[in-house]
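[1] take a look and give me a structure for this.
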Amino acid sequence: MKFYVSSAFLKTPEIIEIARAADELGYDGLGIPDHVVNVETLETPYPYTKDGQRRWQPFTDWPDPWVLVGGLAQITTRLKFVTTVYIPAMRNPYSAAKAIGTAAVLASGRVELGIGVGWCREEFALMGEQFAARGKRTDEMIDLMRALWEPGWTEFDGQFYRAPRLEMQPTPPSIPVYVGGLSDIALRRAARNDGWIGDLINTDRAIAAVRRLRELRAENGLTMDDFTVLTPLTDAFTVADYQRAEDAGITGIITMPWMFYAGPDATLAEKIDGLRRFRKDLALD
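    Numbering: from 1, shown residues only. Presented below is the predicted three-dimensional model:
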């Protein structure tokens, strides 16, 4: 089982110190969420809470993932960086591919691209991108970006994006693509790619998702070998809990270990102490 530390809702200077500590303590990765702006008043309900309200408060930090990865890569040596999740369809595909590819080069191949189709219509509008057909555009953007990351010349002729013969440098190391989301459409998209990223869910629901992913992979003639399943688990706290998840096919946990010891108002020192205590309590060292 791999353990990734979530950087959601942290102050940007704290993320730097959390990443440094996680790298030194042997954690496998750092999860980095994505929003460009936080609009005060929304008509679009947030889809991952029962009341449609956002999980974060105004003026929460949302650093640009690829600028952040480029910086964190210089102070870490082994930690991987996964976006939880990045919204490609809200961007120009060439700018997105350039930023992601450059970050992957700076991180020496430690970038894992977690993507979603997005939920906030207002943010799409501010970015000048269409909210409609965002799922189909996301699929095509993945294909286009993968082509742009290949060495040599490339051309692309899709429904939404067309590229003349061109090349994009630097050529990054391999970048796996994981798909976030809990709907069957999201699971189908994940099954066509390299992995799935879950939301705050309990272990039974995560195991059910893995079961469905296994079915969808089989339909496409694919196995679960080398397929990544990363998710937070709301009811996993012990070695036995994590072992059950791993036995079911969950390959990685996204967690905030300090929440178990000091809670949401933990100081930076308490957060780092929580990282240390979590590994010791689970005998991960």
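[2] let me see the ranges of the strands in the stretch 101-250 of the chain.
    111-115, 154-157, 162-166, 177-180, 195-197, 228-231 (DSSP state E, counting those that start in this stretch).
[3] let's have the ones you listed in JSON lines, adding mean pLDDT, mean neighbour count and distance to Leu275.
    Placement of C-beta: from N, CA and C, glycine included. What follows is those, written out as JSON lines (pLDDT from 0 to 100; neighbours: other Cβ atoms under 10 Å; distance: least, Cβ to Cβ, whole Å):
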{"stretch": "strand 111-115", "mean pLDDT": "98", "mean neighbour count": "26", "distance to Leu275": "20"}
{"stretch": "strand 154-157", "mean pLDDT": "97", "mean neighbour count": "13", "distance to Leu275": "42"}
{"stretch": "strand 162-166", "mean pLDDT": "97", "mean neighbour count": "11", "distance to Leu275": "43"}
{"stretch": "strand 177-180", "mean pLDDT": "98", "mean neighbour count": "23", "distance to Leu275": "23"}
{"stretch": "strand 195-197", "mean pLDDT": "98", "mean neighbour count": "26", "distance to Leu275": "21"}
{"stretch": "strand 228-231", "mean pLDDT": "98", "mean neighbour count": "24", "distance to Leu275": "18"}
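[4] with distance to Tyr261 added, can I get these in TSV?
    As requested, the strands of the stretch 101-250 of the chain are exported to TSV (distance: least, Cβ to Cβ, whole Å):
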stretch	distance to Tyr261
strand 111-115	27
strand 154-157	49
strand 162-166	50
strand 177-180	27
strand 195-197	25
strand 228-231	21
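[5] out of the ones you listed, which gets nearest to Thr83?
    Of all the strands of the stretch 101-250 of the chain, it is strand 111-115 that lies closest to Thr83, at 4.4 Å by Cβ to Cβ.
[6] what does that closest one contact?
    For strand 111-115, the surrounding residues in contact (Cβ atoms under 8 Å, 6 or more residues apart in numbering) are 29, 31, 69, 80-88, 100, 103-104, 138, 142, 172, 175-180, 195, 197, 228, 230.
[7] so where's the protein shaky on pLDDT?
    285 (pLDDT under 70).
[8] now the helices for the stretch 101-250 of the chain?
    Under the criterion DSSP state H, counting those that start in this stretch, the stretch 101-250 of the chain carries helices at the ranges 121-126, 134-148, 184-191, 203-219, 239-247.
[9] who are the packing partners of the second one?
    Meaning helix 134-148. helix 93-106, strand 154-157, strand 162-166, helix 184-191 (3 or more Cβ pairs under 8 Å, 6 or more residues apart in numbering; DSSP states H and E).
[10] now with 6 Å?
    Using 3 or more Cβ pairs under 6 Å, 6 or more residues apart in numbering; DSSP states H and E, the elements in contact with helix 134-148 are helix 93-106, strand 154-157.
[11] could you give the angle of that helix to strand 111-115?
    Taking axes from the mean of the first three to the mean of the last three Cα atoms, to 10 degrees, one finds that helix 134-148 is oriented at 160 degrees with respect to strand 111-115.
[12] residues in contact with helix 134-148?
    88-89, 93, 97, 117-118, 154, 156, 158, 160-161, 168, 177 (Cβ atoms under 6 Å, 6 or more residues apart in numbering).
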